[in-house]
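# turn this into a model:
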Amino acid sequence: MTVPPLKETPTKRPKSDATPAAMRHPARKIVKPIILIGSGRSGTTLLGHIFSLHPDVAYWVEPRPVWMYRNAYRSDHQLLSEDLTPAIARHIDRRFARFLARSGRSRFAEKTPSNGLRIPFICALYPDCKIINIIRDGRAVVASTLKIQTHRPQMKRLFARIVETPLWEWPAYVPIFFQTVWRTLILKKRSVFWGVRPAGWQEWVGLAPHIIAAKQWRRVVEISMGDGRALPAENYLELRYERLVREPAKVMREMIEFTELPPCQEMIDQTVAIVDPSRAGKWKADLTEEQRREVMQEIEPLLTDLGYLDAAPRSQAPAASKG
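Numbers count the residues shown, from 1 in each chain. Down below sits the predicted model:
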């Protein structure tokens, strides 16, 4: 896939008049929700924490069961506009509105990496949404994914998701619970599959973890960019992780303007204090030469299109595989 060069501040695109899915549903309780997306380990957690610092923002960390209401038994995480029914729309909006009301704040924000596969679904629900897609060097994402797979699961968050899930959908999450708790805590093994599940992810099971992570990053980035760049500029912003940690103050002002939040210097100052530019290149010490070579076979063309390989011509690395 050939992807046009990434722009930090997208050019103005005309608004689309074709919003039949959105028009079928009544007005929403949530206005201009801030939706943070990105392949897992791309900086979505950092981005979410940053937005939680704004006094107007109520931030919910990965409300996955809410987004997957009545779709929990699907084999993958992708949702399209036609998957949004009036009942699903009412449920999601009410849950988010309840969360916002309890917070006492005025704007709702959330981060769920799998939402990178659901942009049409989200826009059908919230035509006025503010989507920020954070993109990070795929090699760094792979290295970080390998590391997180060796960590103990966050049991508090796991049980919170159980509470958020309707009782009749619990069986859909049993395999995930087993992989997360039984394999990692009892057997001390990696999960069979970690993170976002694009269509066809089952074909990757059994491959080396770094190859799975590379395929996952490529698929999620391709889908999220393709869907996001089709949106009006007021709905979608692409952001580089590397630029966020290198120019935090400037990037924060751009994001505050995009999301239409009131200016907040304290939020900017705290962001400058917590970001660590040295993390951007840490993957170089975390991946072996063999892992780097095999990862490049999967993601080199996309890395090149995104400008990550400007210093090294494509011919110096192996050609990308078709898998």
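
# hang on, Asp276 packs against Val245?
Yes. Asp276 lies in contact with Val245 (CB atoms under 8 Å); the separation is 6.4 Å. For every residue, glycine as well, the C-beta is placed using N, CA and C.

# got the CA coordinates for the lengthiest helix in the chain in PDB?
Looking across the chain with DSSP state H, the single longest helix is helix 209-228. Taking C-alpha atoms only, helix 209-228 is exported to PDB below (Å, rounded to 0.1, in the frame of the first residue of the first chain):
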ATOM      1  CA  PRO A 209       5.800 -12.500  18.600                       C
ATOM      2  CA  HIS A 210       7.800  -9.800  16.900                       C
ATOM      3  CA  ILE A 211       6.400 -10.800  13.500                       C
ATOM      4  CA  ILE A 212       2.900 -10.700  14.900                       C
ATOM      5  CA  ALA A 213       3.500  -7.300  16.400                       C
ATOM      6  CA  ALA A 214       4.900  -6.000  13.100                       C
ATOM      7  CA  LYS A 215       1.900  -7.200  11.100                       C
ATOM      8  CA  GLN A 216      -0.400  -5.800  13.700                       C
ATOM      9  CA  TRP A 217       1.200  -2.400  13.600                       C
ATOM     10  CA  ARG A 218       1.100  -2.200   9.800                       C
ATOM     11  CA  ARG A 219      -2.500  -3.300   9.500                       C
ATOM     12  CA  VAL A 220      -3.800  -0.900  12.200                       C
ATOM     13  CA  VAL A 221      -1.800   2.100  10.800                       C
ATOM     14  CA  GLU A 222      -2.900   1.400   7.200                       C
ATOM     15  CA  ILE A 223      -6.600   1.100   8.200                       C
ATOM     16  CA  SER A 224      -6.700   4.100  10.600                       C
ATOM     17  CA  MET A 225      -4.900   6.400   8.200                       C
ATOM     18  CA  GLY A 226      -7.000   5.400   5.300                       C
ATOM     19  CA  ASP A 227     -10.200   6.000   7.100                       C
ATOM     20  CA  GLY A 228      -9.000   9.000   9.000                       C
END
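
# other SSEs contacting that helix?
Helices and strands touching helix 209-228, by 3 or more CB pairs under 8 Å, 6 or more residues apart in numbering; DSSP states H and E, are helix 119-125, strand 130-135, helix 138-148, strand 236-240, helix 289-305.

# at 6 Å what do you get?
Contacting helix 209-228 under the criterion 3 or more CB pairs under 6 Å, 6 or more residues apart in numbering; DSSP states H and E are the following elements: helix 138-148, helix 289-305.

# and Thr259, its phi and psi?
The phi/psi pair for Thr259 (degrees, to the nearest 10) reads phi -80, psi -10.

# now it, nearest residue through space, not along the chain?
In this structure, Thr259 finds its nearest non-sequential neighbour in Lys130, 4.7 Å apart by CB to CB, 6 or more residues apart in numbering.

# and for Glu164?
Spatial nearest neighbour of Glu164, chain neighbours left out: Pro65 (4.5 Å); criterion: CB to CB, 6+ apart.

# so which elements touch the strand or helix carrying the one you found?
Pro65 is part of helix 64-67 when elements are defined by DSSP states H and E. Helix 64-67 sits against no helix or strand, with contacts defined as 3+ CB pairs under 6 Å, 6+ apart.
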